[in-house]
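1. okay, predicted coordinates and the sequence, questions at the end:
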Amino acid sequence: MENIERKRLAVLVGCNYPNTRNELHGCINDVLTMRDTLVSRFGFDPSDIQLLTDAAAAADAGSGGSSSVLPTGANIKKALGEMVDQAKPGDVLYFHYSGHGTRIPSLKPGNPFRQDEAIVPCDFNLITDVDFRQLVNRLPKGASFTIISDSCHSGGLIDKEKEQIGPSHVTETSSKSSSISSKPKAIAFETILHHLSSLTGINTSDIATHLLELFAADASLKFRLPPLEVLDIFESSKPDEGILLSGCQANEMSADVTNAVMTGGKPCGAFSNAVQMVLKDREVELSNKKLVLLARQVLKEQGFEQHPCLYCNDENADATFLSQLE
């Protein structure tokens, strides 16, 4: 049998939005910590990990050097697209995003009141569920693409992915009040719309108009394609190797922790930190489902009202997180 060398590729994005009203504090720490974990535990080569942050100086710590690429919408999508395009059967792809999330009015025909999920790059060029679905659809057969999104409203970020752990799995909320100082990792749609309109000078509440004016071909497919073509992206989807571990449900907030006693005072994302705690406490292989359930338990014990979710096919729910090497 032919011996096929499998690559392990990653794109890590941390957005702290420094010196803005939307500033966060733990997002860059999240991806720096995960970079070290990918190398030490999961066998990733540092040269196969691309890091994008909006504070390059903060990325100097640890191996791998500093980040010279800002996490704009175009740069994030370029990095993800290049990772998917070079993937071969059997490769393990990973995307970790820590930053703000938002919800936008759905453009899907027949769903006028539905809201869709998006992440908020440093330039507000939204990356939407359509973009992530299209990336997963491009995967070669046999390659896996795992996403951790530590952001508000992150549940369902890969649309049409099967819910394994989600809203229907919430049986109780935390009875403990968290004493940890934190900030929600969300920017309201109205705030994003106001910011974009101040840049374009166009008087309209149609966010697509502003995004296309500012970013043109770099805007999300959701806004560039006709509605029926967007629908085709979802209708053509089939059982795939997309795996989403979200920091919370689509209707919930994820926390950015500023006085993280549990991490030695270092700011962090509550979900990213919970994942690290679970991985540190258990050296054995963990399935995607087990990792999410244990992270839920950690957050509940800490008093956070957010419920991490898992979206993937049945086989990947029980598959080992990032196909951990023995």
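-> Arrived safely, thanks for sending.
2. only C-alpha atoms for contact and neighbour calcs from this point on.
-> Will do.
3. tally up the residues packed near Glu285, please.
-> Each residue near Glu285 was counted by other CA atoms under 10 Å, and the total is 17.
4. repeat that for Thr33.
-> Using other CA under 10 Å, Thr33 has 15 neighbouring residues.
5. assign it to helix, strand or coil.
-> Look at Thr33: counting by DSSP: H, G, I helix; E, B strand; the rest coil, its state is helix.
6. let's have the chain start at 554 instead
-> Got it, first residue is 554 now, which makes that one Thr586.
7. from Lys833, how far out is it?
-> The gap separating Thr586 from Lys833 is 12 Å, by CA to CA, to the nearest Å.
8. next, the buried residues of stretch 812-828.
-> For stretch 812-828, a neighbour-count test (16 or more other CA atoms under 10 Å) marks Asn812, Ala813, Pro820, Cys821, Gly822, Ala823, Phe824, Ser825, Asn826, Ala827, Val828 as buried.
9. so of those residues, which ones are in strands?
-> If you go by DSSP state E, those have Cys821, Gly822 in strands.
10. quick one, strands of the stretch 654-803 of the chain?
-> Taking DSSP state E, counting those that start in this stretch as the criterion, the stretch 654-803 of the chain carries its strands at 654-658, 668-672, 680-681, 697-703, 716-718, 735-737, 795-799.
11. which of those strands comes out lowest on mean pLDDT?
-> Mean pLDDT per stretch puts strand 735-737 lowest among these, at a mean of 88.
12. what is the burial count for Lys715?
-> By the criterion of other CA under 10 Å, Lys715 has 19 neighbours.
13. got the confidence number for it?
-> On the pLDDT scale, Lys715 gets 88.
14. so how far is Asn628 from it?
-> Distance, Lys715 to Asn628, using CA to CA: 28 Å.
15. with Gln829 instead?
-> Between Gln829 and Asn628 the computed distance is 26 Å (CA to CA).
16. one more: Glu868?
-> Distance of Glu868 to Asn628, given as CA to CA: 32 Å.
17. look at the two and report which has more neighbours.
-> Neighbours per residue (other CA under 10 Å) separate Glu868 from Asn628, with Asn628 holding more: 15 against 8.
18. low-scoring stretches of the stretch 554-703 of the chain, by residue?
-> Counting by pLDDT under 70, the low-confidence segments of the stretch 554-703 of the chain come to 554-557, 609-621, 660-666.
19. any chance you could map the helices in it?
-> 580-593, 626-639, 682-690 (DSSP state H, counting those that start in this stretch).
20. in a markdown table: those, plus distance to Gly795.
-> What follows is those, written out as a markdown table (distance: least, CA to CA, whole Å):
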| stretch | distance to Gly795 |
| --- | --- |
| helix 580-593 | 19 |
| helix 626-639 | 12 |
| helix 682-690 | 6 |
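21. for Glu766, which of these is the nearest?
-> helix 626-639 (14.4 Å; CA to CA).
22. Three-state assignment for Leu852, please.
-> Taking three-state DSSP, the label given to Leu852 is helix.
23. measure the nearest residue to it once chain neighbours are set aside to Cys821 for me?
-> Once flanking residues are discounted, Leu852 sits nearest to Ala827: 6.7 Å by CA to CA, 6 or more residues apart in numbering. Distance of Ala827 to Cys821, computed by CA to CA: 10 Å.
24. please apply the same query to Val837.
-> Noted for Val837: a distance of 24 Å to Cys821, by CA to CA.
25. still on that earlier bit, okay, the strands of the stretch 654-803 of the chain in a markdown table with distance to Ile602 and mean neighbour count next?
-> Conversion of the strands of the stretch 654-803 of the chain to a markdown table gives the following (distance: least, CA to CA, whole Å; neighbours: other CA atoms under 10 Å):
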| stretch | distance to Ile602 | mean neighbour count |
| --- | --- | --- |
| strand 654-658 | 23 | 22 |
| strand 668-672 | 20 | 24 |
| strand 680-681 | 20 | 25 |
| strand 697-703 | 14 | 25 |
| strand 716-718 | 28 | 20 |
| strand 735-737 | 27 | 19 |
| strand 795-799 | 18 | 26 |
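26. tabulate the ones you listed (JSON lines), appending distance to Val637.
-> Putting the strands of the stretch 654-803 of the chain into JSON lines (distance: least, CA to CA, whole Å) gives the following:
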{"stretch": "strand 654-658", "distance to Val637": "23"}
{"stretch": "strand 668-672", "distance to Val637": "19"}
{"stretch": "strand 680-681", "distance to Val637": "16"}
{"stretch": "strand 697-703", "distance to Val637": "8"}
{"stretch": "strand 716-718", "distance to Val637": "23"}
{"stretch": "strand 735-737", "distance to Val637": "31"}
{"stretch": "strand 795-799", "distance to Val637": "12"}
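27. which one of these lies nearest to Cys580?
-> It is, among the strands of the stretch 654-803 of the chain and with distance given as CA to CA, strand 697-703, at 8.5 Å.
28. distance of Gln859 from Val622?
-> 31 Å.
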